[in-house]
Structures are given as structure tokens and as C-alpha cells.
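Undergrad: model this:
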Amino acid sequence: MSQHLQAKPPAAAISTPADARKLAEELMNVMSALLGIIERETELVRAGKIREAMRLEEQKGELSRRYMVVVENLKNAQKYLAQVSPELLTTLRRHHDTFRAMLQINLTVLATAHAVSEGIVRGVNTEIQRKNIPNTYTASGQRAAPGPRNMTPLSVSRSL
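TA: Have a look, this model is predicted:
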């Protein structure tokens with residue numbers, strides 16, 4: 001990963017309660033910013049504004065990288081936090097649980113949008129195939145199964 005993509009290098013070991021509080025505040029700020037982007041993305045996808053939602057991808061990626069760095073720093077400082085400020089650790093866990101619940105809502109919306117769009121594409125493909133297949137019958141009066149040359153593949157551009 002190039003240097004300009006990394007949010008912050010891992011922090012030095014936390015040695016004071018003030019450092020612990022600063023790290024906790026940084027995590028809270030990153031989670032709040034990331035939730036804001038994710039909530040906006042969810043709203044846009046629900047409204048069918050996929051192009052607008054895709055424009056949030058770069059910002060969401062940068063915040064996700066910052067989140068991962070802060071979480072790694074927090075993991076490294078977990079023993080110290082548990083000794084010095086267990087209430088801060090409890091508060092962070094509670095906020096993180098809320099954060100995960102909001103992420104789950106976003107993932108559900110995105111999965112639903114994916115399933116709906118896939119269903120539409122499959123329906124269009126079925127209709128195209130039905131129209132391309134000749135109506136022929138066998139000598140016994142049964143409908144003839146189409147051969148592979150009668151199947152026309154559907155081509156879809158994934159770029160919006």
C-alpha cells in the first residue's frame with residue numbers, strides 16, 4: 001500500500017490516561033464519520049440513486065482505513081485501558097456494538113438491492129431468450145428443445 005493511502009501509522013504505546021482518552025475520541029470520531037457516510041449510502045440505495053451512492057466509495061474507503069488503524073491501536077492498548085480506564089473501554093464497546101448494528105442495516109440494504117437487480121437482469125434475460133427461441137415441434141407434437149445456437153447471451157455493462 002502506498003504511503004498516501006495510509007491514514008496514520010500505528011501509534012506508539014499508550015502510557016497515560018490522556019493518551020487513552022485521545023485514542024478513544026479518535027475511534028468515536030472515525031466511527032461517527034463512517035456511520036454518516038454509510039447512512040447516506042443506505043438512503044441513496046433505498047431511493048434507487050446508485051450512481052450517487054457510488055460516489056461515496058472513496059470517502060468510505062479512506063474512513064475504513066482510518067478505522068482499521070485506530071482499532072489496531074486500541075487492540076494494542078487494551079490491557080492498559082482495562083487497568084486504567086475500564087469504564088472507557090466499556091463505553092467504547094457499547095458504541096462499537098451500535099456501530100456494528102448500523103453496518104448490518106447497510107449490508108442488508110445493499111444485499112437487497114443486489115438481489116433485486118439480479119432478479120431484474122435474470123427476468124430480462126429469460127424474456128429475451130424466450131423471444132429468440134423458435135416455436136418448433138417434434139414429430140410427436142411436443143415442443144422442441146432449443147439448441148445452443150438458439151441461445152443468445154445477454155450482455156450487460158456494469159459501469160453506470
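Undergrad: packing partners of the longest helix anywhere in the chain?
TA: Of all the segments of type helix in the chain, defined by DSSP state H, the longest one is helix 86-132. The helices and strands touching helix 86-132, judged by 3 or more C-beta pairs under 8 Å, 6 or more residues apart in numbering; DSSP states H and E, are helix 17-46, helix 78-84. Where C-beta positions appear, they are placed from N, C-alpha and C, glycine not excepted.
Undergrad: go with 6 Å
TA: Using 3 or more C-beta pairs under 6 Å, 6 or more residues apart in numbering; DSSP states H and E, the elements in contact with helix 86-132 are helix 17-46.
Undergrad: restricting to C-alpha, output whichever helix or strand comes after the helix it packs on in CSV.
TA: Note on helix 17-46: by DSSP states H and E, the next helix or strand toward the C-terminus is helix 50-54. These are the backbone C-alpha positions of helix 50-54, laid out as CSV (Å, rounded to 0.1, in the frame of the first residue of the first chain):
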residue,chain,number,x,y,z
ILE,A,50,-27.0,4.1,-7.1
ARG,A,51,-24.7,6.5,-9.0
GLU,A,52,-24.7,9.0,-6.2
ALA,A,53,-24.1,6.2,-3.7
MET,A,54,-21.1,5.0,-5.7
